[in-house]
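Participant: prediction below, plus the sequence it came from.
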Amino acid sequence: MEKNPPPTDQQLRKLAEDLVKEQNTMTFATASGAAAWAAPVYYANLGFNFYFFSDPNSRHIQESLKSNQASAAIFHPSSAWREIRGIQMSGRIQSLSPGLESLKALRAYLKKFTFTEEFFDSRQKLDLEAFAKRFRVRLYRFKPDLVYYMDNRIRFSFREKVPL
């Protein structure tokens, strides 16, 4: 196996950003007492802010809002150990209200998931209210305070903290 030099902080951040752009789903992990839970969601991101829609009554939302913490993972699909790469994060999930940030997040989401428009009448305005009515969901932001990038292409079990 070839040994690659470790990436610089700038290279590490770019590797993590590229991986985030390439993928569509992230898995959240939350816990209540001694019971843990994992939930996958589609996301759109603006930098290292991740936006997703979820039912406000879902377990991952209820547990994360109660504990004020969540963790998440995004991984590139792989069938060989040398291809394993991804990011692991911990941070907070917050509900977003209508405003500039939610508008930018919704635009990013619609651009990434163009199929979403199929669920709405072509004359309908696509905003947070439309999503809430159609799917009984709210827009949330996951903001990590800690991000690790993993990449076996660099070396087996490579894992480094990403500067935010």
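Facilitator: Received it, and whenever you're ready, just let me know what you need. A quick note: this is a predicted structure, and the numbers were derived from the prediction, not measured. Numbers count the residues shown, from 1 in each chain.
Participant: next helix or strand past whichever strand or helix holds residue 12?
Facilitator: Element membership for residue 12 (DSSP states H and E) is helix 9-22. Per DSSP H and E, helix 9-22 leads on to strand 25-32 as the next helix or strand towards the C-terminus.
Participant: what's the angle from that next one to helix 9-22?
Facilitator: Counting by axes from the mean of the first three to the mean of the last three Cα atoms, to 10 degrees, strand 25-32 lies at 100 degrees to helix 9-22.
Participant: could you say what helices and strands the very next helix or strand once past strand 25-32 packs with?
Facilitator: Following strand 25-32 in sequence order, the next helix or strand is strand 35-42 (DSSP H and E). Identification of packing neighbours for strand 35-42 by 3 or more Cβ pairs under 8 Å, 6 or more residues apart in numbering; DSSP states H and E yields strand 25-32, strand 49-54, helix 59-67. Yep, even glycine has a C-beta here, placed from its N, CA and C like the rest.
Participant: which neighbouring elements make contact with the shortest one?
Facilitator: For strand 49-54, the packing partners by 3+ Cβ pairs under 8 Å, 6+ apart come out as strand 35-42, strand 44-46, helix 100-112, strand 138-151.
Participant: before we move on, what about the first one?
Facilitator: With contacts defined as 3+ Cβ pairs under 8 Å, 6+ apart, the packing partners of strand 25-32 are strand 35-42, helix 59-67, strand 70-75.
Participant: any chance of the helices and strands packed on strand 49-54 in CSV, plus mean neighbour count and mean pLDDT?
Facilitator: Compiled in CSV, those are given as follows (neighbours: other Cβ atoms under 10 Å; pLDDT from 0 to 100):
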stretch, mean neighbour count, mean pLDDT
strand 35-42, 15, 96
strand 44-46, 18, 98
helix 100-112, 16, 95
strand 138-151, 19, 97
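Participant: dump stretch 127-136 to PDB, keeping only the CA atoms.
Facilitator: Taking Å, rounded to 0.1, in the frame of the first residue of the first chain, the C-alpha atoms of stretch 127-136 are listed here in PDB:
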ATOM      1  CA  ASP A 127     -42.000  28.100   0.300                       C
ATOM      2  CA  LEU A 128     -41.800  26.700   3.800                       C
ATOM      3  CA  GLU A 129     -45.600  26.900   4.200                       C
ATOM      4  CA  ALA A 130     -46.100  24.800   1.000                       C
ATOM      5  CA  PHE A 131     -43.700  22.200   2.300                       C
ATOM      6  CA  ALA A 132     -45.400  22.200   5.800                       C
ATOM      7  CA  LYS A 133     -48.800  21.700   4.300                       C
ATOM      8  CA  ARG A 134     -47.800  19.100   1.700                       C
ATOM      9  CA  PHE A 135     -45.600  16.900   3.900                       C
ATOM     10  CA  ARG A 136     -46.300  18.000   7.500                       C
END
